[in-house]
Structures are given as structure tokens and as C-alpha cells.
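Asker: coordinates only, sequence not included:
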């Protein structure tokens with residue numbers, strides 16, 4: 001008994017001595033942006049060492065005490081025969097000791113000053129602690145909360161998305177997470193309210209950002225965590241990729257699949273995380289002392305080449321899964337960077353935002369340029385953070401006012417239709433194209449938009465049994481405004497062909513929800529940024545003319561969307577907003593092309609079935625061209641010659657040559 005007490009005392013003295021007096025002096029700050037984020041964390045080098053050795057003393061004390069009790073009450077009394085039972089008992093006692101120490105470490109950390117917002121993560125390196133409630137982290141003064149996953153969102157998100165819900169996940173760094181602002185002041189929270197109000201939809205905007213994260217970590221988070229929540233859109237916004245570090249983010253990843261899977265399990269243990277930190281510190285210290293590894297030099301956390309690849313991978317993953325990718329060029333307070341040149345050298349490289357703009361342009365991804373909009377202004381848009389050991393205050397992260405401005409700009413961009421095509425190119429299936437005029441845009445969001453058209457339903461017998469708000473196919477007479485309805489057929493879903501006219505594209509029709517009280521049909525159109533042409537931004541309330549093709553099992557595809565022309569007070573046709581010649585010429589060309597498309601439907605049907613060209617239809621093309629010129633001149637209240645000054649005829653008939 002005395003020997004056992006002596007052994008326990010020696011073990012405790014040894015471990016407590018290590019905890020109090022032994023500190024591994026690293027030759028360089030190897031994990032400047034590592035799992036602890038800041039020195040106050042339990043997982044930083046000095047703190048981890050102290051907690052680990054005290055916990056180890058507790059582990060050994062518990063183990064020896066349980067062994068003594070096992071020997072005294074079981075072995076000595078011969079309750080069970082010797083052999084395998086004793087070996088199993090010793091193993092079980094060690095496992096119980098580990099569990100006791102693990103919960104002891106968790107309890108101690110949670111109730112100490114070492115309990116911070118962040119915890120190490122096996123894939124993301126660090127992540128927000130789950131289930132924080134009104135938590136005040138030492139890194140900033142703002143109260144924050146997280147859900148059971150670690151998202152800064154007021155409630156848990158079910159994996160099964162309810163019908164009618166539109167989910168947007170926001171990924172990024174501290175500026176996106178909302179450093180220094182309350183939960184309801186972040187741009188993600190503001191954006192959710194704005195989209196709810198403007199669209200009348202059930203929109204969730206989940207703040208899945210984490211301070212310090214880069215585009216590399218965003219990509220891993222997107223693939224490993226966000227996809228399982230079935231998002232409709234993702235917003236990616238960060239500025240940390242170009243920060244200097246002693247190791248690149250990608251080199252921290254575990255390449256071995258088995259160890260990677262094992263880490264996912266082991267990282268649930270705080271005691272293991274402390275052990276890992278202490279072991280890593282000793283390893284680096286001795287390897288450096290023996291000159292096996294030299295002190296590393298500073299590098300960008302994500303190389304410029306990898307940064308470009310990561311952006312492309314996010315876009316590709318999103319598009320493959322039917323998700324709308326949106327990128328934000330977050331504001332950088334260049335006034336602060338110019339004021340603190342050493343800070344600028346560490347955190348900023350102008351090539352990165354330039355690369356983001358170029359890649360989004362090349363891949364037709366939506367980029368919301370907040371940085372250019374703010375133009376380096378301060379105006380209360382940034383909040384101060386303490387720089388150089390609390391001695392200096394530098395405006396850097398967006399303030400509550402800044403987050404409100406960011407949310408407003410993102411909302412405006414998301415509900416505005418912008419198609420990157422420079423011009424409208426007809427396809428070989430021109431006989432399926434249909435034109436509608438003077439529709440009122442009621443919704444523009446993601447990859448579709450909603451338009452309401454007035455319809456004339458007088459004398460339509462097919463209305464019997466149709467309720468308002470029902471999904472229907474509306475057959476109409478071409479060229480009439482409002483739409484002169486010939487027949488209405490109920491359908492169960494967009495794109496379903498329920499009658500012969502639809503199956504064989506004999507008549508013109510549009511699918512949507514009919515509103516009998518005001519005589520309108522509300523149609524949804526898909527947008528394909530490789531096929532949809534919109535020369536001007538389209539937003540809520542605009543009156544538009546649409547050229548579309550009716551697809552199967554989905555809403556019709558909008559091929560061309562332009563703002564409708566309005567009549568002036570004296571009845572003459574005029575161009576909306578301005579009569580400047582350049583804009584007038586553009587509208588004349590657009591109107592001419594639309595007439596060329598719609599009036600030549602019979603010709604296009606013939607051409608679409610021609611296998612070896614369309615030379616023999618040259619005369620018909622010339623006649624069509626003259627008819628279109630006359631129609632366009634009449635629409636604009638001018639002469640055919642004036643139209644010909646704007647429209648280049650050879651662009652339309654150059655493919656038709658007499659044989």
C-alpha cells in the first residue's frame with residue numbers, strides 16, 4: 001500500500017512539474033493560423049502542455065486507483081479464476097480511466113478561460129464550436145451563438161429540406177462570419193430578411209463561415225459538410241487566401257485515407273487533441289535542433305495557382321449538383337493597409353481579387369464586387385480590431401453598417417437577371433421558339449424568373465372546372481396582346497405534355513398558374529447562362545418581351561429577354577427612358593431580329609429539316625427580310641429606308657444563296 005501511494009505521489013510530482021516548468025520553445029511560430037486561432041485557446045502550445053500533463057497525472061491516478069480496487073475486491077478474494085478475465089479487466093479499467101479523464105478535461109476547458117469559439121477539426125483544421133449560446137469570445141466583444149453543427153444560425157437545419165424552402169449557405173472568413181457584430185447584424189442574417197420580403201419565399205440564409213478560413217477550406221467544407229444539407233445556392237466570400245503563413249493550407253491535410261478516417265474519430269476527444277499538440281511541439285523542436293528540418297519561410301496560405309483551381313472546383317461542384325454558385329469580392333480597407341504597411345505585407349496580395357474576377361467571368365459565375373462599390377471608403381463601414389497587442393485600433397472588418405450594405409448589394413444582384421451572352425444566336429430548332437410581349441416581371445432569382453401576362457379568356461369554354469391558381473397550359477393566338485386564349489388545359493407539372501397540340505408543337509402555348517380574378521397567367525422561365533440573352537439587366541417590376549422554347553418536364557427556357565417598348569402620350573412608339581441614337585439603334589436591331597424570328601417560323605421549319613443547307617430558300621429569305629423591315633418600320637413609326645440605315649441586311653440573308 002505504501003509503495004502504491006509513493007508511486008502515485010511521484011507520478012503526480014513528475015506530471016505537475018512538466019505542466020508548470022517545462023515549455024517547449026519552438027524555433028518559430030509554426031501554427032500561426034492553426035487550430036487554436038489565438039493564444040487563449042486550450043489547444044495552443046503552452047496551454048495544451050499544462051492541461052495535458054495535469055490530465056495525464058489524473059489518468060494515471062485513476063488507473064492505479066481502479067487497479068488497486070480490482071486487485072483488492074476481485075483478484076485477492078478469488079471471485080473469478082485467473083487468466084483471460086484478469087487481462088480483460090485491466091483493459092477495461094484503462095478504458096474507463098480514459099473516459100473519466102476525457103470528461104474531466106472537457107468539463108475543465110468549458111469552465112475555464114481556455115474555452116474559446118474554436119475547436120480543432122480533422123478536415124477544416126479548426127471550426128466553430130457547436131451549441132454556443134450567447135458566447136463572448138476573447139477574439140472580439142460580440143455575443144455569438146452557433147447551432148449543433150457550428151453554423152452561426154439561430155436553429156438547427158434538417159437534412160431533409162421542406163417543400164418550398166430555398167436554402168443558401170454562406171461560406172467565408174471572419175468578415176463573413178461577422179467579427180465584432182451580433183448574430184442578427186451579419187450580412188447573412190440581413191440577406192435572409194431582405195430576400196424573404198422581396199420574393200415572398202421561404203428563404204434560409206445559413207451563415208456557415210468560420211474566421212480564418214480560406215477558399216481551400218471553403219471547398220472542403222462545401223464537399224464534406226454543406227452538400228448533405230441540399231443547398232440551392234452557396235455564397236463564398238473571403239480574403240484570407242493571400243495571408244502569409246509558415247505552411248500552406250493544403251499541406252496540412254492528411255493524405256492517407258485510413259488516418260484521415262481515424263482522425264475523424266479521434267478528434268472528438270479533447271484529451272487526444274492536447275496530446276497531439278504536445279507531441280507536435282516536441283517533434284518540431286527536436287527535428288529543428290538536430291537540423292533535420294530548417295525553419296520554414298513564409299508563404300501564402302493558398303498559392304495563386306491553387307486559389308484559381310479551388311474557385312473552379314467550387315463552381316464545378318455546385319453546377320454538377322444543381323447549386324447556384326455566387327462569389328463575393330469582399331471589401332478590403334486599403335486605408336488601413338496603407339497606414340500599417342507591415343500588416344499589408346502579411347495579409348494582402350492584389351493578384352488574388354483580380355484572379356477571382358477573371359475566373360468568375362470565364363466560368364459565367366455571379367460575382368458581387370463589394371470592394372469596388374465601397375471604393376476604399378470608411379464611413380463607418382468597418383469596425384476596429386486591435387492590432388499589435390491591443391495597442392492600435394485598425395478599421396478592417398465590416399461593421400454592422402457595413403454588413404447591411406453588403407446584404408443590400410448581394411440582394412440586388414441576386415434578384416436581377418443578367419445574362420452574359422453578347423448576342424442572341426438562333427439554334428437549329430427555331431421552329432420551337434415562341435415570342436411573348438409585355439410581361440411583368442414579379443420574381444427574378446437564381447436560375448429562373450417569373451413573369452405575369454394578361455390574357456383574354458372571353459368565350460373560352462375550357463375554363464369549366466379550372467380553379468384560380470391551378471397549373472395550366474394556355475394555348476393562344478400568336479401576335480396578340482393581351483394573349484387571345486384558344487384553349488386552357490390543366491397540367492400536373494411544368495413541361496408535361498397532356499394533349500396532342502403540345503406533343504407535336506402545333507400551337508403556341510405557355511405553362512403557368514392561372515389567376516381568373518384578374519385575367520392573368522403567371523409563368524416561370526428557366527435561365528441558361530450559355531443560351532439566354534438579356535442585353536440589359538432585368539429586375540422586379542420590369543415589362544419584358546420574351547423569346548422562349550418550351551421544354552419537357554421543366555419550365556420553358558428563356559432564350560431572349562428584353563425590356564418592352566412603351567407608347568408615348570401622343571401614341572407614337574418610343575424607347576424606354578431615352579431616345580439617344582445608340583440605344584435607339586440597339587432596340588431597332590433587337591426588334592428586327594425578334595420579328596425575323598417570329599415571322600419566319602414557316603421558313604425555319606423547312607430549314608431545320610434541311611441536311612445539306614438552305615440555298616434554295618434564298619428568295620423566300622429576301623421576301624421575309626422585306627416583310628420584317630416593313631413591320632419594324634411600322635412599329636417604330638418610321639420608314640423602311642430609316643430601318644435599313646440601322647439594320648445590315650446581309651447579316652440575315654448571307655446564309656441564303658441562289659443555286
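Answerer: Looks like it came in fine. This is a predicted model, so every value here is computed, not measured.
Asker: how close does the closest residue to residue 153 other than its chain neighbours sit to residue 42?
Answerer: Distance criterion Cβ to Cβ, 6 or more residues apart in numbering; nearest residue to residue 153, sequence neighbours excluded, is residue 206 at 4.9 Å. From N, CA and C alone the C-beta is placed, and that goes for glycine too. Using Cβ to Cβ, to the nearest Å, one gets 28 Å for the distance from residue 206 to residue 42.
Asker: my read is the residue nearest to residue 153 is in a helix, agree?
Answerer: No - using DSSP: H, G, I helix; E, B strand; the rest coil, the assignment for residue 206 is strand, not a helix.
Asker: hang on, isn't it packed against residue 158?
Answerer: No - in this structure residue 206 lies outside contact range of residue 158 using Cβ atoms under 8 Å: 11.8 Å.
Asker: who has more neighbours, the two?
Answerer: Neighbours of residue 206 and residue 158, each counted by other Cβ atoms under 10 Å, are more numerous for residue 206; the result is 26 against 10.
Asker: any idea how far the more buried one is from residue 334?
Answerer: Separation of residue 206 from residue 334 (Cβ to Cβ): 31 Å.
Asker: quick one: low-confidence parts of the stretch 451-600 of the chain?
Answerer: 461, 479, 498, 500-507, 551-553, 565-584, 586 (pLDDT under 70).
Asker: one more time with 80
Answerer: Filtered on pLDDT under 80, the stretch 451-600 of the chain yields the residue ranges 457-465, 477-481, 495-508, 529-531, 535, 549-554, 565-591, 593-598, 600.
Asker: name the helix or strand for the nearest residue to residue 254 once chain neighbours are set aside, please.
Answerer: Computed as Cβ to Cβ, 6+ apart, the closest residue to residue 254 that is not its neighbour in sequence is residue 260, at 4.6 Å. Under the criterion of DSSP states H and E, residue 260 resides in helix 257-266.
Asker: which other helices and strands does the following helix or strand past that helix contact?
Answerer: As assigned by DSSP H and E, the chain's next helix or strand after helix 257-266 is helix 270-289. Applying 3 or more Cβ pairs under 8 Å, 6 or more residues apart in numbering; DSSP states H and E, one finds that helix 270-289 contacts helix 45-70, helix 84-110.
Asker: other SSEs contacting the first one?
Answerer: Helices and strands touching helix 45-70, as assessed by 3+ Cβ pairs under 8 Å, 6+ apart, comprise helix 2-21, helix 84-110, helix 270-289.
Asker: CSV for those, including distance to residue 562?
Answerer: Output for the helices and strands packed on helix 45-70, formatted as CSV (distance: least, Cβ to Cβ, whole Å):
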stretch, distance to residue 562
helix 2-21, 73
helix 84-110, 60
helix 270-289, 59
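Asker: and the ones you listed, which one averages the lowest pLDDT?
Answerer: When these are compared by mean pLDDT, helix 2-21 comes last with a mean of 72.
Asker: for the stretch 301-450 of the chain, what spans make up the helices?
Answerer: 304-320, 334-339, 341-347, 351-362, 370-374, 400-414 (DSSP state H, counting those that start in this stretch).
Asker: buried deepest among the ones you listed, which one?
Answerer: helix 400-414 (a mean of 20; mean count of other Cβ atoms under 10 Å).
Asker: any idea how far it is from the middle of the chain?
Answerer: Centre-to-centre, helix 400-414 and its host chain are 15 Å apart (Cα atoms, centre = their mean, to the nearest Å).
Asker: okay, now residue 60: neighbour count?
Answerer: 18.
Asker: which ones are touching the closest residue to it other than its chain neighbours?
Answerer: Distances taken as Cβ to Cβ, 6+ apart put residue 11 closest to residue 60, at 5.0 Å, once the chain neighbours are dropped. Taking Cβ atoms under 8 Å, 6 or more residues apart in numbering, we find residue 11 in contact with 57, 60-61, 64.
Asker: thinking again about what came up before, bridged to the residue nearest to residue 153, which residues?
Answerer: Here residue 206 shows beta-bridge partners residue 169, assigned using DSSP bridges.
Asker: I'd like the distance between it and residue 225.
Answerer: Residue 206 is 11 Å from residue 225, by Cβ to Cβ.
Asker: likewise for residue 214?
Answerer: Using Cβ to Cβ, one obtains 15 Å as the distance from residue 214 to residue 225.
Asker: same deal with residue 173?
Answerer: 16 Å.
Asker: of the two, which one has the most company?
Answerer: Counted by other Cβ under 10 Å, residue 173 and residue 225 do not tie: residue 173 has more neighbours, with 24 against 19.
Asker: quick check: that one touching residue 210?
Answerer: Yes - if you go by Cβ under 8 Å, residue 173 and residue 210 touch, sitting 7.4 Å apart.
Asker: give me the sheet partners of the longest strand anywhere in the chain and which way each runs.
Answerer: The strand that spans the most residues within the chain, counting by DSSP state E, is strand 433-445. Its sheet considered, strand 433-445 pairs with strand 448-456 (antiparallel), strand 543-549 (antiparallel) by DSSP bridges.
Asker: quick one: mean pLDDT over that strand.
Answerer: For strand 433-445, the per-residue pLDDT averages 84.
Asker: in it, what's buried?
Answerer: 433-441, 443-445 (16 or more other Cβ atoms under 10 Å).
Asker: possible to save those residues as CSV with distance to residue 549?
Answerer: Output for the buried residues of strand 433-445, formatted as CSV (distance: Cβ to Cβ, whole Å):
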residue, distance to residue 549
433, 5
434, 7
435, 11
436, 12
437, 17
438, 20
439, 16
440, 21
441, 19
443, 20
444, 19
445, 21
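Asker: ok, so of those residues, who is nearest residue 545?
Answerer: Lowest distance from residue 545 to those (Cβ to Cβ) belongs to residue 437, with 4.6 Å.
Asker: pull the contacting residues for the closest one.
Answerer: 481, 545, 564.
Asker: cool, and residue 528?
Answerer: Going by Cβ under 8 Å, 6+ apart, residue 528 touches 447, 557.
Asker: need the three-state assignment for it.
Answerer: Residue 528 ends up coil, using three-state DSSP.
Asker: and it, its phi and psi?
Answerer: phi -120, psi 110 (degrees, to the nearest 10).
Asker: how much space between it and residue 14?
Answerer: 69 Å.
Asker: go on, residue 540?
Answerer: In terms of Cβ to Cβ, residue 540 sits 72 Å off from residue 14.
Asker: next up, phi/psi of residue 154, please.
Answerer: With angles defined as degrees, to the nearest 10, residue 154 sits at phi -70, psi -20.
Asker: surely it touches residue 183?
Answerer: Yes - between residue 154 and residue 183 a contact is recorded at 7.0 Å, counting by Cβ under 8 Å.
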